[in-house]
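Student: sequence and predicted structure are below.
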Amino acid sequence: MNCSAIEDERAKSSFQFEEDVTEGGMKVTVPLKSIMYAGQSEYQKIDIIETWFGKTLVTDGKTQSAKCDEHMYHEALVHPALLKVKDCKSVFIGGGGELATAREVLKHSSVERVVMVDLDKVVVEMCQKWLPEWGNGATDDPRLDLIIGDAYAWMMNTDEMFDAIIMDISDPIEAGPGIKLYTQEFYSYAATRLNSGGVFVTQAGVAEPVQTIWDEIRFINNPLSIAKRFVNMSQLSSAIEEERAKSGFSFIEDLAAGGLQVSTPLKNIVFRGESEYQKVDIIETWFGKTLLTDGKTQSAKCDERIYHEALVHPALLKVKDCKSVFIGGGGELATAREVLKYSSVERIVMVDLDKVVVEMCQKWLPEWGDGATDDPRLELIFGDAHAWMMNTDEMFDAIIMDISDPTEAGPGIKLYTQEFYSYAATRLNLGGVFVTQSGIAEPVVLKNDLNNTSWGAINRTLGSVFDCAIPYYAQVLSFGGKWGYVMAFNQTDESSCESTAEQASNEWRRPRDGLIDTLIEEKITGGKSALEFYDGDAHLGMTCLAKFVRHILGRDERLMTMENPVFMY
């Protein structure tokens, strides 16, 4: 089907671009707004399309670069390497057809010569025509020598020396043109082309914690397909598929307003039911066993430890001698499991609204709680966490809110308000910490759809109540990517002022070397062996946010109150 035919079909229905991201069938789907270019070079199919991610370069059906986050990718590729070089004058770029890598290299005033070798002239020319902002005039800079050719052959036959070698090439897929550029033989020779103090850097594929390799792109090829690659998804539900399609069962979940979705094969429905408050499903997908409430993922086997360790340990390690903990929500009992690893903890009060969720998790997901309810330190109460907290005079060293997202019809919206936070602060002992899960923190979603996210608003609201509020995130792929948290506490020094509160926040964002690992060994039964994800290095990765993410959070002035709540999509 030619491009115009696809456009004609698109006008009649809702088209989406779908990309497989794992061998096991996980897919990401976004609305296809337009097809700017569709063609084929000597080496590969080339498409330039516009989706939820903005203008996007696709080769052989695989995304190479998208407007929404290409600066993240290219800045991360170039600047850590070039800033390491004392006086970087000469740079080799393998690949980089969008010219954005060259754009970033040319920002370095010390650079005198850039050799860029890309195999595909059509990619370079189409990017110059349709994506000119990627290169931003790089080819007009006399320092750039652009060569159309085989980067492997060029490097293996040159005697030119460089201060930096940057490989911005396609992933090492079986039929791909760049597989030789990932070999020991190539790296060995490239090392001989580096000047003293030189640096080699390459893109290296997916780094999601719950997977190790991206599969080749495949597109739906079933009765719902249009031209195999541009897919009409209007007939697919956003909850569990109840009828078997010819392609098999799928679970599809919306991640953001505007149509960003993730789907995975549905292997099994373990439990389906409905409580007084919500629909409850326990299913098995590529993510493993998964708890859903009202069709939204709450916890998945593959990364629940990432989520729960990130929620609990940055907060509890901050408390000098944590003895009493309140947990709001946490029906899977995994938050309680993590808290109970602290030998100092004497009492935990956990209040969850939904008895059905807790009982079904105990039955079908027992490893989540790992026997937590058998520990006499845990008092499990079925009830309204908001009402319980607002009516108690009990004091705690930590308050942990592991509750559903603040959706408009959700049961937990009151637990995200300034009024609740203000009273919860009065229930904390001196030096106590409050922490809450805060919704999606994926940078692209924040950038494209801030008003349908809650992380920034929760951070702002907690910051209006406590001296210190620290936003942080962890990679939870089953939730769609980076997931946000905010921990908050008051400065204990009586002479506290704005500068010392900021200092206290920064001291926990960037603790001194070895502190977190030392605290883990001192406070957690089993030490580092008791944790799968969290340690000192992980802490820094969670709390040291990307530059533009900090700017987005800094500009978010939304306060969440009972009168003016903020809802997450």
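Tutor: Noted; the coordinates are in hand.
Student: output the below-cut-off pLDDT ranges for the chain.
Tutor: By pLDDT under 70, the weakly predicted segments of the chain are 1-16, 20-25, 174-177, 210-259, 409-410, 493-499, 569.
Student: again, only this time at 50
Tutor: Residues of the chain meeting the criterion pLDDT under 50: 1-13, 212-247, 494-496.
Student: how about the residue lying farthest from the centre of it, what does it touch?
Tutor: Largest separation from the mean C-alpha position in the chain: Asp159, at 41.7 Å (Cα atoms, centre = their mean). With contact set as Cβ atoms under 8 Å, 6 or more residues apart in numbering, Asp159 has no partners. (Each C-beta comes from the backbone N, C-alpha and C, glycine too.)
Student: which of the three states applies to it?
Tutor: Under the three-state scheme (DSSP: H, G, I helix; E, B strand; the rest coil), Asp159 adopts coil.
Student: measure it to Leu181 for me?
Tutor: Per Cβ to Cβ, to the nearest Å, Asp159 is found 19 Å from Leu181.
Student: what do you get for Ile524?
Tutor: Taking Cβ to Cβ, one finds Ile524 at 43 Å from Leu181.
Student: stretch 389-405 spans what distance, first to last residue?
Tutor: 19 Å (Cα to Cα, to the nearest Å).
Student: in that stretch, what counts as buried?
Tutor: Neighbour counts over stretch 389-405 (16 or more other Cβ atoms under 10 Å) mark Met389, Phe396, Asp397, Ala398, Ile399, Ile400, Met401, Asp402, Ile403, Ser404, Asp405 as buried.
Student: one more: stretch 546-566?
Tutor: Val549, Ile552, Leu553, Asp556, Arg558, Leu559, Met560, Pro565, Val566.
Student: for the second one, give me its contacts.
Tutor: Under the criterion of Cβ under 8 Å, 6+ apart, the contact partners of Ile552 comprise Leu446, Lys447, Leu450, Gly456.
Student: compare the residues you listed and tell me which is most surrounded.
Tutor: Neighbour tally across the contacts of Ile552 (other Cβ atoms under 10 Å): the maximum, 26 neighbours, falls on Gly456.
Student: residues touching it, list them.
Tutor: Leu446, Leu450, Pro471, Ile552, Leu553, Asp556, Arg558.
Student: looking at those residues, which one is closest to Phe382?
Tutor: Pro471 (31.1 Å; Cβ to Cβ).
Student: quick check: closest non-adjacent residue to the closest one.
Tutor: In space, and not counting its chain neighbours, Pro471 is closest to Asn459: 4.4 Å by Cβ to Cβ, 6 or more residues apart in numbering.
Student: and the one you found, that's in a helix?
Tutor: Yes: when classified by three-state DSSP, Asn459 is found to be part of a helix.
Student: excluding sequence neighbours, find me the nearest residue to Gly328.
Tutor: Ala385 (3.8 Å).
Student: state the number of residues packed around the one you found.
Tutor: Ala385 has 26 nearby residues by other Cβ under 10 Å.
Student: same deal with Glu208?
Tutor: The burial count for Glu208: 18, using other Cβ under 10 Å.
Student: so how far is Ser41 from it?
Tutor: Applying Cβ to Cβ to Glu208 and Ser41 gives a distance of 30 Å.
Student: which residues in the stretch 51-200 of the chain form strands?
Tutor: 54-59, 62-66, 90-95, 113-118, 144-148, 162-168, 194-202 (DSSP state E, counting those that start in this stretch).
Student: tell me which other helices or strands the third one touches.
Tutor: Taking 3 or more Cβ pairs under 8 Å, 6 or more residues apart in numbering; DSSP states H and E as contact, the helices and strands that strand 90-95 lies on are helix 100-105, strand 113-118, helix 151-156, strand 162-168.
Student: after the helix or strand hosting Pro314, next one along is what?
Tutor: Element membership of Pro314, judged by DSSP states H and E, is helix 304-316. Next in sequence after helix 304-316, counting helices and strands by DSSP H and E, comes strand 324-329.
Student: right, and the helix or strand after that next one?
Tutor: Next element after strand 324-329 (DSSP H and E): helix 334-339.
Student: re the thing from before, could you save the contacts of Ile552 as a markdown table and add columns showing distance to Asp60 and secondary structure?
Tutor: What follows is the contacts of Ile552, written out as a markdown table (distance: Cβ to Cβ, whole Å; DSSP: H, G, I helix; E, B strand; the rest coil):
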| residue | distance to Asp60 | secondary structure |
| --- | --- | --- |
| Leu446 | 30 | helix |
| Lys447 | 27 | helix |
| Leu450 | 33 | helix |
| Gly456 | 37 | helix |
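Student: what is the most widely separated pair among these?
Tutor: Among the contacts of Ile552, Lys447 and Gly456 lie farthest apart (Cβ to Cβ), at 11.6 Å.
Student: what sits up against the helix holding Pro314?
Tutor: Taking Cβ under 8 Å, 6+ apart as the rule, helix 304-316 contacts 209-210, 299, 322, 325, 332, 334-335, 337-339, 342, 368, 398, 400, 402, 433-435, 437, 472, 474-476, 479, 483, 485, 487, 508, 520, 523-524, 531-534, 539, 542-543.
Student: buried ones among those?
Tutor: Buried, going by 16+ other Cβ under 10 Å: 209-210, 299, 322, 325, 332, 334-335, 337-339, 342, 368, 398, 400, 402, 433-435, 437, 472, 474-476, 479, 483, 485, 487, 508, 520, 523-524, 531, 533-534, 539, 542-543, out of the contacts of helix 304-316.
Student: take the residues you listed and keep only those in helices.
Tutor: Ala334, Thr335, Arg337, Glu338, Val339, Trp368, Trp508, Ile520, Lys523, His539, Met542, Thr543 (DSSP state H).
Student: dump the buried residues of stretch 546-566 to TSV, plus secondary structure.
Tutor: Formatted as TSV, the buried residues of stretch 546-566 follow (three-state DSSP):
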residue	secondary structure
Val549	helix
Ile552	helix
Leu553	helix
Asp556	coil
Arg558	coil
Leu559	coil
Met560	coil
Pro565	coil
Val566	coil
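Student: and those, which two are furthest apart?
Tutor: So for these, where distance means Cβ to Cβ, the most widely separated pair is Val549 and Pro565, at 23.5 Å.
Student: output stretch 179-189 as PDB, nothing but the C-alphas.
Tutor: C-alpha atoms of stretch 179-189 as PDB (Å, rounded to 0.1, in the frame of the first residue of the first chain):
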ATOM      1  CA  ILE A 179      26.800  -5.600  13.700                       C
ATOM      2  CA  LYS A 180      30.500  -5.500  13.000                       C
ATOM      3  CA  LEU A 181      30.700  -2.200  14.800                       C
ATOM      4  CA  TYR A 182      30.000  -3.900  18.100                       C
ATOM      5  CA  THR A 183      32.800  -6.500  17.900                       C
ATOM      6  CA  GLN A 184      35.900  -6.900  20.000                       C
ATOM      7  CA  GLU A 185      37.900  -6.700  16.800                       C
ATOM      8  CA  PHE A 186      36.500  -3.300  15.900                       C
ATOM      9  CA  TYR A 187      36.900  -2.000  19.500                       C
ATOM     10  CA  SER A 188      40.500  -3.200  19.500                       C
ATOM     11  CA  TYR A 189      41.400  -1.300  16.400                       C
END
